[in-house]
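> Show me how the following folds:
(2 chains, ligands or ions: 1)
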Amino acid sequence: MADTLAGPVPEAPDSPPEFPMAREARCPFDPPPALKDLQAKTPLAKVRLWDGSEPWLVTRYADQRAILGDPRVSADTDSPGYPTKASPEGGEGKLSFIMMDDPEHARLRRMVTAPFAVKKVEALRPAVQRIVDDLIDGMLSRPGPVDLVEEFALPIPSLVICELLGVPYDDHALFQENTKTMVRTTATPEQRGVATREMAGYLAGQIAKRLAEPKDDLLSSIAGRVTAGEIDHQQATEMALLLLIAGHETTANMIALGTLALLQNPDQLALLRDSDDPKFVAGAVEELLRYLHITHLGRRRAVTEDVEIAGQVVRAGEGVIMANEIANRDPAVFPDPDRLDLTRDARRHVAFGFGVHQCLGQPLARMELQVVYGTLYKRIPTLTLACALEDVRFKNDAFIYGVHELPVSW
Amino acid sequence: MKVELEADKCVASGQCVLAAMDVFDQDDDGIAILLEEQVGDDRLDDVKEAIAVCPAAAIRLVEQ
Ligand code: SF4
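Model (predicted):
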């Protein structure tokens, strides 16, 4: 028989598909077509990961929310069956409480929630507005084109989280470079280990300074927990590292990818440019969060007690992945889900996750994005992409999706 | 209708404050607090939205 000749062995028909799946190059804002097909076909499917393991993929919005809110699943990467995103980072320990379960997760998380309360974040809005205006002035003072990522998208969250933590922004080259390595899926475990150690060493030093001489910043309040004997220096460092990384990568990618999506949808961009209504801008931010789903590798959990998902029993010790990008495109919840529609009510999206691990920094992220989206296109109404869409490099190789660069002119 | 909040469950996401600012607030640690327990029909939709977006299932509406 012809197919027994030399060549790749054909895949068994029931072999699970690889995850993550490839996007369609022509639709860089849409989830991979194979993922959408899976969602339409079945609520629960086995997928195969980089290490050969075969966790379950939960495809639909309601099931994803139920699982993420279920105490019988664990976010601890050491739990049997946990579906890891890449090889471990060289024994660097856990990225603080996001990789722990309650009650320890809740205990540690509550130590740093204070500055992210809605009203505290609101008080920062004028400062963020100034940062955004200054960066736009800087861009406009030159002929262009400029890289929007480097000159605008990255400095905003970076300046804000540095200010909040009390980390000197002058050191940004060090932590921006290392953060990039830490979130690159193609980095070797050794490279990730070196970057993590360098960052941890730097932050441990910053915390040591606060232990000796507290200031009015989040690092000092974390250091205060060390003094009080609630956590040790290592835990404090991991916490600071988590906040610094999370504050950088996510918002920056939302700014750049969101801008590209709007440039590709001029009618929607016009709505944002012409609106003076803060409520409309806030709603537009929710829709962009829903539509862009930058956390494209899914929320991952290990099942610790048998649970039923969509009528099927998933056993303790099995892994589950909630692909939030397709939950946010679930037609049962968001009609005509693949259309970017800034006028829709998108508040129920799961871009920040769901359950006890839902993003801690979301009020800050929302406020930053509202200021950016509410300012940039008004101040530069002629903003255009300065290269062909085909030449934009998308971050298929990173834990957080976005663009590597975004050349723009005006 | 009466609103009930289980502060023990709250993960300080602030979502309820955004959905219904005159019913919910946050304490110094970001944990949700109830500004009002009784809500009239005019604010029922906002409270329902808060319940729908609360990631920790910490909010409930009870008939009286
Ligand atoms: S939405 Fe829920 S978890 Fe978030 S602050 Fe309100 S009560 Fe707490």
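> near chain A, which residues of chain B?
Applying Cβ under 8 Å from any Cβ of the partner chain, one finds that chain B approaches chain A through B:11-15, B:17-19, B:25-26, B:28-31, B:49, B:52-53, B:55-57. Any C-beta I mention is one placed from the backbone N, CA and C, and that applies to glycine too.
> ok, and of those residues, which contact the ligand?
Here is what survives when the residues of chain B next to chain A are matched to the ligand using Cβ under 6 Å from any ligand atom: B:11, B:12, B:13, B:14, B:15, B:55, B:56.
> got a list of what the first one touches?
Just to be clear, that refers to residue B:11. Each residue near residue B:11 by Cβ atoms under 8 Å, 6 or more residues apart in numbering or on different chains is listed here: A:106, A:109, A:113, A:356, A:357, A:358, A:360, B:55, B:56, B:58.
> now chain A, which segments are flagged as low pLDDT?
Counting by pLDDT under 70, chain A has low-confidence residues at A:1-13, A:87-94.
> 80 - rerun?
A:1-14, A:85-95, A:175-176, A:180, A:182-186, A:189 (pLDDT under 80).
> for it, what spans make up the strands?
If DSSP state E is used as the criterion, the strands of chain A fall at A:44-46, A:56-58, A:73-74, A:146-147, A:299-303, A:307-309, A:312-314, A:319-322, A:384-385, A:407-409.
> any chance of those strands in TSV, with distance to the ligand and mean neighbour count too?
Supplementary listing: the strands of chain A in TSV, determined by distance: least, Cβ to the nearest ligand atom, whole Å; neighbours: other Cβ atoms under 10 Å in any protein chain shown:
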stretch	distance to the ligand	mean neighbour count
strand A:44-46	27	16
strand A:56-58	22	27
strand A:73-74	18	24
strand A:146-147	36	18
strand A:299-303	17	24
strand A:307-309	22	16
strand A:312-314	26	15
strand A:319-322	18	25
strand A:384-385	37	15
strand A:407-409	36	19
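> As TSV, those strands with distance to residue A:234 would be great.
Formatted as TSV, those follow (distance: least, Cβ to Cβ, whole Å):
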stretch	distance to residue A:234
strand A:44-46	37
strand A:56-58	34
strand A:73-74	22
strand A:146-147	37
strand A:299-303	24
strand A:307-309	33
strand A:312-314	34
strand A:319-322	27
strand A:384-385	45
strand A:407-409	42
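> Spell out which parts of chain A neighbour chain B.
Proximity of chain A to chain B is assessed by Cβ under 8 Å from any Cβ, with A:68-69, A:106, A:109-110, A:113-114, A:116-121, A:347-348, A:352-360, A:362-363, A:366 identified as the residues in range.
> Sort out which of those are buried, if you could.
A:68-69, A:106, A:109-110, A:113-114, A:116-118, A:120-121, A:347-348, A:352-360, A:362-363, A:366 (16 or more other Cβ atoms under 10 Å in any protein chain shown).
> Show me the strands in chain B, by range?
Taking DSSP E to define them, one finds strands in chain B at B:2-5, B:24-26, B:32-34, B:59-62.
> Leaving out chain neighbours, which residue sits closest to the residue of the stretch 151-300 of chain A found nearest chain B?
For the stretch 151-300 of chain A, the nearest residue to chain B under the criterion Cβ to the nearest Cβ is residue A:282, separated by 8.3 Å. On the basis of Cβ to Cβ, 6 or more residues apart in numbering or on different chains, the spatially nearest residue to residue A:282 that is not a chain neighbour turns out to be residue A:370, at 5.6 Å.
> what sits against that neighbour?
Residues in contact with residue A:370 (Cβ under 8 Å, 6+ apart) are A:278, A:281, A:282, A:285.
> Output the below-cut-off pLDDT ranges for chain B.
Counting by pLDDT under 80, the low-confidence segments of chain B come to B:64.
> Put the alpha carbons of the lengthiest helix in it into PDB.
In chain B, assigned by DSSP state H, the helix with the most residues is helix B:44-53. Extracted in PDB, the C-alpha atoms of helix B:44-53 (Å, rounded to 0.1, in the frame of the first residue of the first chain):
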ATOM      1  CA  LEU B  44     -31.700  46.700  40.100                       C
ATOM      2  CA  ASP B  45     -30.200  46.400  36.600                       C
ATOM      3  CA  ASP B  46     -26.900  47.800  37.900                       C
ATOM      4  CA  VAL B  47     -26.800  45.400  40.800                       C
ATOM      5  CA  LYS B  48     -27.600  42.500  38.500                       C
ATOM      6  CA  GLU B  49     -24.700  43.600  36.300                       C
ATOM      7  CA  ALA B  50     -22.400  43.700  39.400                       C
ATOM      8  CA  ILE B  51     -23.500  40.100  40.200                       C
ATOM      9  CA  ALA B  52     -22.800  39.000  36.700                       C
ATOM     10  CA  VAL B  53     -19.300  40.400  36.500                       C
END
